[in-house]
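Visitor: sharing a model prediction with you, sequence too.
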Amino acid sequence: MAKRPFLIPGVDKRLLIKDSIKTMPDVTRRRFIAGGASLGALTLLTGCDVVDSSSAEEMLKSVSKFNDAVQAFIFNPDALAPTFPESAITKPFPFNAYYDLDDAPDISAADWKLEVRGLVDNKKSWTLDELHKLPQVTQITRHICVEGWSAIGSWTGTPLRDFLKLIGADTRAKYVWFQCADKDGYNSPLDMRSALHPQTQMTFKYANEILPRAYGFPMKIRVPTKLGFKNPKYVVSMEVTNDYKGGYWEDQGYNSFSGS
């Protein structure tokens with residue numbers, strides 16, 4: 001007699017595995033699929049033929065893509081992330097990266113230029129002085145890390161949507177893809193609806209002072225509607241594109257949308 005898969009009454013097995021996996025950091029997720037018991041759990045929950053770590057990895061990739069699609073569908077581009085008074089700012093605001101501060105990029109303002117590529121009318125490179133002359137706004141918002149901690153900071157810069165309009169970007173495109181000066185070639189994709197969100201910002205200052213090296217000098221992208229790893233620092237280029245080019249953490253299994 002064929003063995004029937006175990007089902008939990010009233011629970012959609014696909015949503016159950018999705019909700020379980022999306023909370024796992026990369027290391028935990030890989031441990032989850034490493035052993036036979038874990039693979040068996042995936043088989044029971046999904047009804048898929050998960051027989052080894054390779055097939056489990058493929059299944060998890062499919063689940064991650066599905067989760068991205070769901071988050072993108074329910075994302076409200078008009079809903080604002082909470083803002084806070086200056087008294088709520090975390091002091092000191094923590095440095096956060098996959099390397100020590102001593103290994104953070106040390107960039108010369110005089111030599112740095114922001115390269116603009118892809119589906120835009122004006123592909124000129126921008127100096128830091130030119131960018132600093134653009135209209136700027138300040139937001140006090142919460143940074144939420146995928147590792148479970150959060151901190152509130154004050155960020156000043158130009159709304160990304162204003163800059164995209166200025167350079168004649170095709171906002172019908174799917175993504176704005178950022179490349180950074182971090183070690184190991186950090187990069188990150190941002191879906192266009194999030195890029196056009198009113199709080200998504202090209203940040204040049206922290207606490208009304210020039211953005212320090214620890215927080216991404218000369219420019220970071222502040223996206224308070226997303227988890228911290230979707231806020232790239234030390235940005236050197238942006239590309240408006242319809243192609244999904246992956247990202248440093250996304251290529252390691254983290255969801256690309258990753259709304260906070």
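Guide: Sure thing, it's come through. Computed from a prediction, not measured in an experiment: that's the story for all the values here. Numbering: from 1, shown residues only.
Visitor: list the buried residues of stretch 79-92.
Guide: Within stretch 79-92, the residues scored as buried using 16 or more other C-beta atoms under 10 Å are residue 81. Just so you know, the C-beta spots here come from the backbone N, C-alpha and C atoms, and that holds for glycine as well.
Visitor: and it, how far apart are its ends?
Guide: Using C-alpha to C-alpha, to the nearest Å, one end of stretch 79-92 lies 28 Å from the other.
Visitor: run through who's touching it.
Guide: Stretch 79-92 is touched from outside by 139-142, 151-154, 198-199, 207, 224-225, 260, with contacts defined as C-beta atoms under 8 Å, 6 or more residues apart in numbering.
Visitor: cool, stretch 198-210 as well?
Guide: With contact meaning C-beta under 8 Å, 6+ apart, stretch 198-210 is reached by 80-81, 89, 93, 128, 131-132, 136-139, 141, 153-161, 163, 190, 194, 211-212, 215-225, 235.
Visitor: show me which of the contacts of stretch 79-92 are buried.
Guide: 139-142, 151-154, 199, 207, 224-225, 260.
Visitor: and these as CSV, adding secondary structure, pLDDT and distance to residue 108?
Guide: Below are the buried ones among the contacts of stretch 79-92 laid out as CSV (DSSP: H, G, I helix; E, B strand; the rest coil; pLDDT from 0 to 100; distance: C-beta to C-beta, whole Å):
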residue, secondary structure, pLDDT, distance to residue 108
139, strand, 98, 27
140, strand, 98, 29
141, strand, 98, 29
142, strand, 97, 31
151, strand, 97, 28
152, strand, 98, 30
153, strand, 98, 25
154, strand, 98, 25
199, coil, 98, 30
207, coil, 97, 22
224, coil, 95, 29
225, coil, 94, 32
260, coil, 52, 33
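Visitor: in CSV, list the residues you listed along with distance to residue 177.
Guide: CSV is the format used below for the buried ones among the contacts of stretch 79-92 (distance: C-beta to C-beta, whole Å):
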residue, distance to residue 177
139, 23
140, 28
141, 23
142, 25
151, 26
152, 28
153, 25
154, 27
199, 20
207, 29
224, 20
225, 18
260, 20
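Visitor: just the closest of the residues you listed to residue 110, please.
Guide: Ranked by distance to residue 110 (C-beta to C-beta), the buried ones among the contacts of stretch 79-92 are led by residue 207 at 23.5 Å.
Visitor: send the alpha carbons of the helix or strand containing residue 115 over as PDB?
Guide: For residue 115, the element it lies in under DSSP states H and E is strand 113-118. What follows is strand 113-118, C-alpha atoms only, in PDB (Å, rounded to 0.1, in the frame of the first residue of the first chain):
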ATOM      1  CA  LYS A 113      31.700  59.400  -8.900                       C
ATOM      2  CA  LEU A 114      28.300  57.700  -9.100                       C
ATOM      3  CA  GLU A 115      28.000  55.900 -12.400                       C
ATOM      4  CA  VAL A 116      24.500  55.700 -14.000                       C
ATOM      5  CA  ARG A 117      23.700  52.900 -16.400                       C
ATOM      6  CA  GLY A 118      20.800  51.100 -18.100                       C
END
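Visitor: mean confidence for it?
Guide: Taken as a whole, strand 113-118 carries a mean pLDDT of 98.
Visitor: pairing partners for the helix or strand just after it, with directions?
Guide: As assigned by DSSP H and E, the chain's next helix or strand after strand 113-118 is strand 126-127. Strand pairing for strand 126-127, using DSSP bridges, gives strand 113-118 (antiparallel).
Visitor: list the buried residues of the strand it pairs with.
Guide: Quick answer for strand 113-118 (16+ other C-beta under 10 Å): 114, 116, 118.
Visitor: so where's this structure uncertain?
Guide: The chain contains residues with pLDDT under 70 at 1-77, 257-260.
Visitor: follow-up on the earlier one: take the contacts of stretch 198-210 and keep only those in strands.
Guide: Using DSSP state E, the subset of those located in strands is 137-139, 141, 153-159, 190, 220-222, 235.
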